[in-house]
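Participant: got a sequence here, can you build the structure:
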Amino acid sequence: MSHAPQKPLCLALVAAALPLLASAQLTANLSLTSNYKVRGQDQDVNRIKAVSPAIQGGLDYAFGDSGFYVGNWNSSVDWLAGNTIESDLYGGYRFKAGGLDLDVGALTYLYPGNSSGNTTELYGSATRGPFTVKYSHTVSRDYFGWASAGTSGKRGRNTGYLNLAFVHEVAPKFTFKAAMGYTRFAGDIRGLGVPNYVDYQMGGAHDLGDGLSLSAVVAGATRKGFFGDANKARLIVTLTKTL
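Facilitator: Take a look at the predicted model:
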């Protein structure tokens, strides 16, 4: 067995990493929104109404031109007992192939104070021109609390979400946005009587300059008979500052 010193190898690794770290980019964002929906559903079930403000913000760290990135995004919420914050951790790899911009990664939704909502997904997306198609697949045992409390032995794993989005600048500093998504619940959740559903949104964003933007979209989802007002269409206005 060799006992040669490892210092040269460590120095080589550090030297190789320095260019990557030197070109890394850190960005931050802070938003105030009139309502927060996830896949068409209100995230404040205790105040389900047209205006239910949320404060949001996060950090993104891109490792230069390598394509690798990590990030954290947070929002105030109110749908789990003992919890008022959603904190998302994610990381992935962006690259180009066959004329497509591709993105693969993992995302974990964390709810401090009530972990029954914690959910982890793997995702992949492809963008060509103004169109993006993205699929997210749940790998955690639970899916946003649907297979936790009161449903012993039930699993949310293998719930899938497919989203098609269109984003296009239609005028200087004005971008039109539209998207439609489909949630297919895992068999255990559907067995509880929870139906699959479609969500949608349409609107636009205006670049105000200096990293400030204002957006307005109408967002909602189908199956309102089951999910109630949480899936009701809302006009959502959001002011965002990017640093």
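Participant: and the helix or strand hosting Y61, how far from the chain's centre?
Facilitator: Y61 is part of strand 54-62 when elements are defined by DSSP states H and E. Computed by C-alpha atoms, centre = their mean, to the nearest Å, the chain-centroid distance of strand 54-62 equals 11 Å.
Participant: neighbouring strands for it, and are they parallel or not?
Facilitator: Here strand 54-62 has these sheet partners by DSSP bridges: strand 25-33 (antiparallel), strand 68-76 (antiparallel).
Participant: and T240, which of those strands is closest to it?
Facilitator: Of all these, strand 25-33 sits nearest to T240, with 4.3 Å by C-beta to C-beta. C-beta: built from backbone N, CA, C; applies to glycine.
Participant: out of the strands paired with strand 54-62, which one sits most buried?
Facilitator: Of all the strands paired with strand 54-62, strand 68-76 has the most neighbours on average by mean count of other C-beta atoms under 10 Å, namely a mean of 17.
Participant: if we can go back for a sec, what sits up against the strand holding Y61?
Facilitator: By C-beta atoms under 8 Å, 6 or more residues apart in numbering, the list of residues contacting strand 54-62 from outside reads 24-33, 35-36, 43-44, 68-77, 88.
Participant: kindly recompute the last result at 7 Å.
Facilitator: 24-33, 36, 69-76 (C-beta atoms under 7 Å, 6 or more residues apart in numbering).
Participant: all strands for the protein, in order.
Facilitator: Per DSSP state E, the chain carries strands over the ranges 25-33, 37-38, 41-42, 54-62, 68-76, 85-97, 100-110, 119-128, 131-138, 160-171, 174-184, 197-209, 212-221, 234-242.
Participant: would a markdown table of the ones you listed with mean pLDDT be doable?
Facilitator: Shown next, in a markdown table, are these (pLDDT from 0 to 100):
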| stretch | mean pLDDT |
| --- | --- |
| strand 25-33 | 97 |
| strand 37-38 | 97 |
| strand 41-42 | 96 |
| strand 54-62 | 98 |
| strand 68-76 | 98 |
| strand 85-97 | 98 |
| strand 100-110 | 98 |
| strand 119-128 | 98 |
| strand 131-138 | 98 |
| strand 160-171 | 98 |
| strand 174-184 | 98 |
| strand 197-209 | 98 |
| strand 212-221 | 98 |
| strand 234-242 | 97 |
